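# please work out how this folds:
(one chain, ligands or ions: 1)
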Amino acid sequence: MKYAVSYYTRSGNTKKVADVIAEVVGVNAKSISEGISEPVDVLFLGSSLYAFTYDPSVEKFIQDNAANIKQIVSFSTSASGKSTAKFVKAACEKNGIKFYAHAYKCYGKFGIMNAKRSNNKDLEEAREFAKSVLAELGE
Ligand SMILES: Cc1cc2nc3c(=O)[nH]c(=O)nc-3n(C[C@H](O)[C@H](O)[C@H](O)COP(=O)(O)O)c2cc1C
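Sure, this is the predicted structure:
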């Protein structure tokens, strides 16, 4: 199985989660601006909520790189604790990419909200999530 980790971030919260997932997977997390240059079986894709949706560049990334991605596992951070998974899922369906049934999400710092998130517990849960994906899909 070939894995990759890509993320979109504005203030670094989602990158923090991407880095711990990447450590478990054994790759370097990369910004979506780098694209996916070689075919991957499973892409962990990080994004966050801005004004109730994800950034349009994440949808463009999925569309532009669809030919190189078999399956996407979504993870996200947000001020409300809500996930971007439904948007990622819709983009996967539109572009013929399998969407992994479980997604990871946690709070992300936003101004004075969630000042200490993501915290060590969030990152530990992200690690456990990544391990569970590897256990289910194969290493
Ligand atoms: C302009 C803007 C709009 C946001 N809108 C929402 C929102 O609608 N819902 C929410 O839960 N969080 C919202 N947030 C908070 C971010 O989702 C949160 O800070 C997230 O962790 C940012 O991740 P990043 O540092 O990887 O960009 C917003 C943040 C910004 C900067």
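# surely residue 55 and residue 47 touch.
Yes. Between residue 55 and residue 47 there is a contact under CB atoms under 8 Å: 6.8 Å. Just so you know, the C-beta spots here come from the backbone N, C-alpha and C atoms, and that holds for glycine as well.
# what touches both of these two?
Common contacts of residue 55 and residue 47 (CB atoms under 8 Å, 6 or more residues apart in numbering): residue 8.
# more neighbours: which of those two?
Neighbours per residue, other CB atoms under 10 Å: of residue 55 and residue 47, the larger number sits with residue 47, 30 against 19.
# give the contact list for the residue in the chain that the ligand sits nearest to.
The ligand sits closest to residue 108 of the chain, with a gap of 1.9 Å, by CB to the nearest ligand atom. Residue 108 makes contact with 11, 13-14, 48, 77-79, 114, 117-118 under the criterion CB under 8 Å, 6+ apart.
# turn those into a markdown table, columns for pLDDT.
A markdown table is the format used below for those (pLDDT from 0 to 100):
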| residue | pLDDT |
| --- | --- |
| 11 | 97 |
| 13 | 97 |
| 14 | 98 |
| 48 | 98 |
| 77 | 98 |
| 78 | 98 |
| 79 | 97 |
| 114 | 95 |
| 117 | 94 |
| 118 | 94 |
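# show me which of those are buried.
The neighbour count (16 or more other CB atoms under 10 Å) marks 13-14, 48, 77-79, 114, 117-118 as buried among the contacts of residue 108.
# which ones, among the residues you listed, also lie beside the ligand?
Among the buried ones among the contacts of residue 108, the ones lying near the ligand by CB under 6 Å from any ligand atom are 13-14, 48, 77-79.
# narrow these to those in strands?
Members of these lying in strands (criterion: DSSP state E): 48, 77-78.
# and of the residues you listed, the nearest to residue 88?
Minimum distance to residue 88 across those is 11.4 Å, recorded for residue 48 (CB to CB).
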